[in-house]
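Asks: Compute the structure for the input listed below.
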Amino acid sequence: MPIVNRVADLHGEIAAWRHDIHAHPELLYDVHRTAAAVAAQLNAFGCDEVVCGIGRTGVVGVIKGSRAGGTRRVIGLRADMDALPIEEANDLPYKSTVPGKMHACGHDGHTAMLLGAAKYLAETRNFAGTAVVIFQPAEEGGAGGRAMVQDGLMERFAIDEVYGMHNLPGLPVGAFSIRSGPIMAATDNLTIEIEGVGGHAARPHFAVDPILVGAQMVSQLQSIVSRNVDPLEAAVVSICTFHAGSADNVIPQTALMRGTVRSLKREVRELLRKRVGEVIEGAARLHGAKANFTLRPGYPVLSNHERETAFAAAVAADVAGADRVNAEMPPVMGGEDFSYMLEARPGAFIFVGNGDSAGLHHPRYNFCDDVIPYGASYWVRLVETAMAG
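Replies: This next block holds a predicted model:
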């Protein structure tokens, strides 16, 4: 069962929606223009219900099937709407018009593809049950998925199962990848404040250098994964910012570092949290400095449910061909707040290939419009197959 013919006919229209969203990126929960455009389209499609303001600025559309029979299930399909605080480096007719903001993760494509599927489903209604299309804000660090769940998303719309999709650079266009169980990492956010004793750079023996202390911490923190975590388990400790000093002849009083700690299993996450604290406190004490740190829990592990994963892989195979679906992809250490939705309901998260593009969160990234028929057809076939009647 290949790409849906009607979806192929809508390709140009869906791409135009994407280009408009791409040109007007919005961050976190401040997606008012995008959400308004999504709601207007859903109303124009004739959705049975369109609700705004779920999870602050999320939009939900309800489409009821017209086929008889079946168990009248309710299936949720989720796309994210927010962009990133990155200056776009692409020269495109629809390049970002907002300085310092761009769709560098493909959420413009995710939103447009789900809109295309919603248009088709509202036209045909060839299923027995209800499709709920979910347009979420604040995936990029704002936990919009959690906000929508806490706002009663699942209960209000009686959702039985929920599915998500993300594009993946490096995976060929028209290919899909998925796995059962943990597929994306838990993300904890680390902040370290070091206080030493400032002084003249020519008299370091009278100072306690927070840069030296911080450098020792960086080196030792990296050793946690290589020397404390089972080599067969996945873990990441990365220090990504290091700020200290303002002159080339002054040892500063303080230093500030930030980073991320990631894992795929609860026991590994607990080990990392324990060892990170011990390393920071030990390095500070060794050099006579003081250190305060916070390890703030971020998104939980995104773990696909077994039955729903097998179903999603089968639907992807119907669309793209079995030889273009990898149902045993290795996990990735990126984070994703669709994890909150999968904690609330069974479901699965799948990747669709974006081809040979720049990587996610890169200033030259761009969602590939050739992906649109595959992603939108996947959504359509998922609904029609799951609720065939």
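
Asks: Quick one: end-to-end distance for stretch 143-161.
Replies: Stretch 143-161 has its terminal residues 20 Å apart, counting by Cα to Cα, to the nearest Å.

Asks: Touching, residue 344 and residue 152? I think so.
Replies: No - in this structure residue 344 lies outside contact range of residue 152 using Cβ atoms under 8 Å: 10.4 Å. Every C-beta, even on glycine, is put in place using the N, C-alpha and C of the backbone.

Asks: out of those two, which sits in the more crowded spot?
Replies: residue 344 (19 against 11; other Cβ atoms under 10 Å).

Asks: what residues are up against that one?
Replies: 149, 153-154, 162 (Cβ atoms under 8 Å, 6 or more residues apart in numbering).

Asks: do the same with residue 173
Replies: Residue 173 makes contact with 353-355, 368, 370-371, 374, according to Cβ under 8 Å, 6+ apart.

Asks: which SS state does it fall under?
Replies: Assigned with DSSP: H, G, I helix; E, B strand; the rest coil, residue 173 falls in the coil class.

Asks: Can you tell me the SS state at the closest residue to it other than its chain neighbours?
Replies: Nearest residue to residue 173, sequence neighbours excluded (Cβ to Cβ, 6 or more residues apart in numbering): residue 355, at 4.3 Å. Assigned by three-state DSSP, the conformation of residue 355 is coil.

Asks: Quick check: residue 355 touching residue 168?
Replies: No - Residue 355 is beyond contact range of residue 168, at 9.5 Å (criterion: Cβ under 8 Å).

Asks: For these two, indicate the residue with more neighbours.
Replies: Applying other Cβ under 10 Å to residue 355 and residue 168 shows that residue 168 carries more neighbours, namely 23 against 16.

Asks: what sits against the residue nearest to that one when sequence neighbours are not counted?
Replies: The shortest distance from residue 168 to any non-neighbouring residue, by Cβ to Cβ, 6+ apart, is to residue 351 (4.1 Å). Each residue near residue 351 by Cβ under 8 Å, 6+ apart is listed here: 165-168, 171, 176-178, 329.

Asks: now with 10 Å?
Replies: Residues near residue 351 by Cβ atoms under 10 Å, 6 or more residues apart in numbering: 164-168, 171, 175-179, 183-184, 316, 326, 329, 332.

Asks: mind checking which helix or strand it is in?
Replies: In the assignment (DSSP states H and E), residue 351 maps to strand 347-353.

Asks: Residue 236 in helix, strand or coil?
Replies: Three-state assignment for residue 236 (three-state DSSP): strand.

Asks: for the residue nearest to the spatial centre of the chain, helix, strand, or coil?
Replies: Centre of the chain computed as the mean C-alpha position; nearest residue by Cα atoms, centre = their mean is residue 336, 3.5 Å away. For residue 336, the assignment made with three-state DSSP gives coil.

Asks: pLDDT at it, what is it?
Replies: pLDDT recorded at residue 336 is 98.

Asks: Then residue 2?
Replies: According to the prediction, residue 2 has pLDDT 84.

Asks: who are the neighbours in contact with residue 79?
Replies: Counting by Cβ under 10 Å, 6+ apart, residue 79 makes contact with 38, 59, 107-115, 117-118, 133-136, 139, 164-166, 375, 379.

Asks: element containing it?
Replies: Short version, using DSSP H and E: residue 79 is in strand 73-80.

Asks: ok, then the element right after that strand?
Replies: helix 107-124.

Asks: mind listing what's buried in that next one?
Replies: Using 16 or more other Cβ atoms under 10 Å as the test for burial, helix 107-124 gives 107-122, 124.

Asks: Dump that helix to CSV, keeping only the CA atoms.
Replies: Extracted in CSV, the C-alpha atoms of helix 107-124 (Å, rounded to 0.1, in the frame of the first residue of the first chain):
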residue,chain,number,x,y,z
HIS,A,107,8.9,21.1,13.3
ASP,A,108,7.5,23.1,10.4
GLY,A,109,7.5,19.9,8.4
HIS,A,110,6.0,17.9,11.2
THR,A,111,3.1,20.4,11.6
ALA,A,112,2.5,20.6,7.9
MET,A,113,2.4,16.8,7.4
LEU,A,114,-0.1,16.3,10.2
LEU,A,115,-2.2,19.2,8.8
GLY,A,116,-2.1,17.4,5.4
ALA,A,117,-3.2,14.1,7.0
ALA,A,118,-6.0,16.0,8.9
LYS,A,119,-7.3,17.4,5.7
TYR,A,120,-7.5,14.0,4.1
LEU,A,121,-9.0,12.3,7.1
ALA,A,122,-11.7,15.0,7.4
GLU,A,123,-12.5,14.7,3.8
THR,A,124,-12.7,10.9,3.7
